[in-house]
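Colleague: next comes the sequence, and after it the predicted model I'd like to discuss.
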Amino acid sequence: MIKRCYVVSILLLSFLLQGCGAREIEKKAFVIGVGIDQGKNEDATSLPVMNGTFQVAVPRSLKPEVTNGKAYQNFEEKGHDISEQISKIAQISNKELYFAHNQIILVSDKVAKQPQRMERLLDFFVRHEDIRRSVRVFITKGDTKQFLNVENNEKLPSLYIDTLSANVQNHSRTASIKRLGDLQEDLLAHRSFVLPVLHYKSTDEIKLGGAAIIKGESSRLTHVLNEKDTEALNILNGEFQKGMLLIELKDNLYIYKVDKSKSKIKLQSTNNGQLTFKITVSLEGEIQEVNKQMDTRTTSADRVKKEVEKQLAIKTERFINKLQNQYKTDVLGLGVYLEKHHHKEWLKLRNDWETGENHFSQVKINTQINTTISSAGGLR
Amino acid sequence: MSKVKYTDRSISAKELMYAVASMVIGVGIFNLPRYITTVTNGIDGMISILLMGGLVLAIVWIMGQFVRMYPRKGIYEILLSIIPKPIAFLLIIVYGSFFALLAAYEIRAIAEITKKYLLPNTSSDILSLLFLLVTLYALFGSRTALIRINSMFLPVVLIVSLLLVVLNIRIMHFDNFYPLLTTDLKGYGSGMINIFFSFTGISIIISYSYLVNEPEKASSAAVKGVFISIIIYAMVFVSCVAVFSNLGTDFLENPTIELGKEIELPGGFFERFESVYFTIWIMTIFNTTSMSMDSSLIVLESLFKKTKKETLIVILAPIIFFVSMVPIGMEEMEAMGTFIGRLSLALTAIVPVPLYIIAKIRGVKK
């Protein structure tokens, strides 16, 4: 017993040993969001110039009694890379930029469209000891500068975007939020992936929706999926939690809300080099609303279920078709699945998976969708 | 709990177990996952860890059996009774310098890492010096106390290592373990050699054996101690692969520290888990450093029997500090680490096993 007490007390004491160390808080400018835009080349170098926006929180103005005054300050500077911009900001700012509490990184679509530009710029954030790998990365439609000036009930634009991404309930119309660490792993492995997209609406509103496809081979943004396609992608990737589907049945509108979503990829056969994949999607959810006359009965859940599956099949099939023939990019994770579970086949295919012979476009993808309706709310 | 018990100048087998575990876990753990993932695919590195772990366990067992034949005898006496004096003398010098070198490396490495993650504005020379001074404070005291401090620190280290894994479960992708068994034999082999550096500490069994009051239990205690460290290494490696993926781990300088950085707990105080975690790792590195310096001291003491311990410490400390300042830049640090790893491999391969066999054949001289 006494021994145990010792251990506990040592553990507690050692927590006290830590602290903020030598970092003097009042000499630091806490960066909470970073935006990267395309700049204009002014000097003779061939290297592209970037425009960095660094949003710094001003803690004084965050107090409730201070009503006027911005709670943030945006530093903007041109430079070939982040470090150059920071060193230029050091000439303006009286405080050192401190990145440990950075929440978001915004990359404008113009920057992301340049081959490898994004991965070269993100190196700073992955390398820096203070920056966490849990920083969230977004693609913005248009310059990031305007996004970092959006002010509403949230005093800090970066915090608004950050909390916006946390509130993806009731819809699944955006690509799932990506952590910087996961992004780095995908870029390292040259995998194609999707990032969520932000749209500028007005001076106090930003909309989150859609998905930007980053192609692994050139690591650049190739296409931006619309919200419908993003939904289909989320269904196929098993990331349709909180998603919602509208179904028309006998002139009434049924709203099926998903609670759980799973998907599983399987390689079915490899006859004569023709790969056949099967994606099994399982959804579990409830009927949230029925747009019908009050006195009519709700159609049987079985009927709704069949209709949901039918419509989902059409939706996903259309999307797969588009992906294979138009976008030619494997964001479904088939390549990753092959690499992990059928390594020998993958070694043969990997060089021409999305380019050249484009094996991804030639594989057959079958989908099977299973839905469960667990409840229809309080009405019969 | 009687206080009288603690005044004796010997350690129990259990304390040896704690000491071995603390000694083995040193700065090596910060880079260990990267050393493995550079040469293996997926989670295959586990095989290297288990094979090397098994091998080290066997070596440690033999070491324990070896020192058991010479109860209450120092390392130099043991060597003298087996091999001719000149060779024994040479070997003991190598042993002593090896431990001094290891202490110097640990001091420098912890200073560099502290500078990088905790105190960016402090020069690493000052950090090394401060760490050395704390170590010296421990050395001036009683040797058994130095060993017993492990039984206090190790449980804390174990709890924190467990937390490191448990709190990261949320962001682990178990799919990262695949593909399975795609590494070639060479990969497993170099993985094993790379891991060996993290087992450098096992040599203290020989230097501390004369203090153990239950020599017949020394073998199993040492094996248990090494087993604890193998479990920690395996845990850290698996979590690194699950969190960062094999390729991601390969591209990180100190994956284990990054693993601590990944943890985010709600509530401002614990949000930055890495500083807690870091503080506690410094505790185990303090143990490793002080024990390896102490082992070097034991060698010196056996050579200069008439000189006082304090005098020897005062002579040894500046040498170690000087050696720790020799490597310039990260490349040379890495080279020093590799050199120590190879030296340790050579020492463990040459000394305990062949000597054990010779001793068995010739019998113990009374």
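Modeller: Perfect, I can see it now. Numbers count the residues shown, from 1 in each chain, chains lettered A, B, ... in the order given.

Colleague: can you give me the buried ones in the host helix or strand of residue A:340?
Modeller: If you go by DSSP states H and E, residue A:340 is part of helix A:334-341. With burial defined by 16 or more other CB atoms under 10 Å in any protein chain shown, the residues of helix A:334-341 counted as buried are A:334-341. (C-beta placed from N, C-alpha, C; glycine too.)

Colleague: packing partners for that helix?
Modeller: For helix A:334-341, the elements it packs on are strand A:252-271, helix A:343-349, judged by 3 or more CB pairs under 8 Å, 6 or more residues apart in numbering or on different chains; DSSP states H and E.

Colleague: tell me which of those sits nearest to residue B:170.
Modeller: strand A:252-271 (17.6 Å; CB to CB).

Colleague: report the angle between the helix or strand that comes right after that closest one and helix A:334-341.
Modeller: As assigned by DSSP H and E, the chain's next helix or strand after strand A:252-271 is strand A:274-291. Interaxial angle of strand A:274-291 relative to helix A:334-341 (axes from the mean of the first three to the mean of the last three CA atoms, to 10 degrees): 120 degrees.

Colleague: so what's residue A:161 closest to, chain neighbours aside?
Modeller: Once flanking residues are discounted, residue A:161 sits nearest to residue A:104: 5.5 Å by CB to CB, 6 or more residues apart in numbering or on different chains.

Colleague: ok, the one you found - contacts?
Modeller: Residue A:104 makes contact with A:32-34, A:135-138, A:158, A:161-162, according to CB atoms under 8 Å, 6 or more residues apart in numbering or on different chains.

Colleague: bridging residues for it?
Modeller: residue A:33, residue A:136 (DSSP bridges).

Colleague: for it, report the pLDDT, please.
Modeller: What the model reports for residue A:104 is a pLDDT of 93.

Colleague: likewise the one 5 residues further on?
Modeller: At residue A:109, the pLDDT value in this model is 92.

Colleague: that one: what's it in contact with?
Modeller: Listed by CB under 8 Å, 6+ apart, the contact set of residue A:109 reads A:139-142, A:197, A:212, A:221, A:224.

Colleague: again with residue B:176
Modeller: Residues near residue B:176 by CB under 8 Å, 6+ apart: B:42-43, B:241-242, B:244-246.

Colleague: neighbour count for those - can I get that in CSV?
Modeller: Shown next, in CSV, are these (neighbours: other CB atoms under 10 Å in any protein chain shown):
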residue, neighbour count
B:42, 22
B:43, 21
B:241, 28
B:242, 21
B:244, 30
B:245, 24
B:246, 25
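
Colleague: residues near residue 355, how many?
Modeller: Went with chain A since none was named. 14 (other CB atoms under 10 Å in any protein chain shown).

Colleague: other chain: chain B
Modeller: By the other CB under 10 Å criterion, the neighbourhood of residue B:355 contains 19 residues.

Colleague: could you do residue B:181 as well?
Modeller: Per other CB under 10 Å, the neighbour tally for residue B:181 reads 10.

Colleague: for it, give me its contacts.
Modeller: Residue B:181 touches residue B:44, counting by CB under 8 Å, 6+ apart.

Colleague: now do residue B:91
Modeller: Listed by CB under 8 Å, 6+ apart, the contact set of residue B:91 reads B:79, B:83, B:351.

Colleague: now swap in residue B:20 and tell me
Modeller: Residues counted as contacts of residue B:20 (CB under 8 Å, 6+ apart) are B:60, B:201-202, B:204-205, B:221-222, B:225-226, B:229.

Colleague: now the strands: where do they sit in the chain?
Modeller: Going with chain A. Along chain A, counting by DSSP state E, strands occupy A:28-38, A:50-57, A:72-79, A:96-98, A:104-108, A:136-140, A:178-179, A:193-202, A:205-215, A:220-225, A:244-249, A:252-271, A:274-291, A:364-375.

Colleague: the fifth one to strand A:50-57, inter-axis angle?
Modeller: Taking the same axes, to 10 degrees, one finds strand A:104-108 and strand A:50-57 inclined to each other by 150 degrees.

Colleague: show me the helices in the stretch 101-250 of chain B, by range?
Modeller: Ranges of helices in the stretch 101-250 of chain B, per DSSP state H, counting those that start in this stretch, are B:124-140, B:143-166, B:185-196, B:204-208, B:215-250.

Colleague: mind checking those for the one nearest to residue A:243?
Modeller: Checking those against residue A:243 by CB to CB gives helix B:215-250 as the closest, at 27.1 Å.

Colleague: buried set for that closest one?
Modeller: Neighbour-count burial for helix B:215-250 flags B:215, B:217-219, B:221-230, B:232-233, B:236-250 (criterion: 16+ other CB under 10 Å).

Colleague: which strands and helices sit next to that helix?
Modeller: Applying 3+ CB pairs under 8 Å, 6+ apart, one finds that helix B:215-250 contacts helix A:180-188, helix B:13-24, helix B:28-37, helix B:45-68, helix B:143-166, helix B:255-262.

Colleague: can I get the CA coordinates of the first one in CSV?
Modeller: The C-alpha atoms that make up helix A:180-188 are tabulated as CSV, following Å, rounded to 0.1, in the frame of the first residue of the first chain:
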residue,chain,number,x,y,z
LEU,A,180,-1.7,17.0,-41.4
GLY,A,181,-0.1,13.8,-40.3
ASP,A,182,-2.4,11.6,-42.4
LEU,A,183,-1.9,14.0,-45.3
GLN,A,184,1.9,13.5,-45.1
GLU,A,185,1.5,9.8,-45.0
ASP,A,186,-0.6,9.8,-48.2
LEU,A,187,1.8,12.2,-49.9
LEU,A,188,4.8,10.1,-49.0
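
Colleague: what's it in contact with?
Modeller: With CB under 8 Å, 6+ apart as the test, helix A:180-188 has contacts from A:105, A:118-119, A:122, A:125-126, A:131-137, A:193, A:195, A:214, A:216, A:219, B:171, B:243-245, B:247-248, B:251, B:262.

Colleague: show me what counts as buried in that helix.
Modeller: For helix A:180-188, a neighbour-count test (16+ other CB under 10 Å) marks A:180-188 as buried.

Colleague: what's the average pLDDT for it?
Modeller: Mean pLDDT, computed over helix A:180-188, is 92.

Colleague: count the neighbours of residue 111 for me.
Modeller: If you meant another chain, say so; for now it's chain A. Around residue A:111 there are 25 other residues, counting by other CB under 10 Å.

Colleague: chain B is the one I meant
Modeller: Residue B:111: 24 neighbours (other CB under 10 Å).

Colleague: separation between it and residue A:42?
Modeller: 43 Å (CB to CB, to the nearest Å).

Colleague: repeat for residue B:241
Modeller: From residue B:241 to residue A:42 the distance is 46 Å (CB to CB).

Colleague: OK, contacts around residue B:93?
Modeller: The contact partners of residue B:93, taken as CB under 8 Å, 6+ apart, are residue B:299.

Colleague: give me the three-state assignment for it.
Modeller: Secondary structure, DSSP: H, G, I helix; E, B strand; the rest coil: residue B:93 is helix.

Colleague: now it: how far from residue B:357?
Modeller: Distance, residue B:93 to residue B:357, by CB to CB: 23 Å.

Colleague: and what of residue A:270?
Modeller: Counting by CB to CB, the separation of residue A:270 from residue B:357 is 55 Å.

Colleague: picking that back up, so for the helix holding residue A:340, mean pLDDT?
Modeller: 91.

Colleague: same question, stretch A:267-274
Modeller: pLDDT averaged over stretch A:267-274 gives 83.

Colleague: up against chain B, what does the stretch 101-250 of chain A have?
Modeller: By CB under 8 Å from any CB of the partner chain, the residues of the stretch 101-250 of chain A that approach chain B are A:129, A:132-134, A:179, A:181, A:184-185, A:188-189.

Colleague: what is the nearest of those to residue B:68?
Modeller: Closest approach to residue B:68 among these (CB to CB): residue A:129, at 46.6 Å.

Colleague: residues near the closest one, how many?
Modeller: 17.

Colleague: return the residues in contact with residue 312.
Modeller: All of this refers to chain A. Residue A:312 is in contact with A:235, A:245, A:281, A:283, A:369, A:371, counting by CB under 8 Å, 6+ apart.

Colleague: hm, I was asking about chain B
Modeller: When contacts are counted by CB under 8 Å, 6+ apart, residue B:312 touches B:297, B:300-301, B:304.
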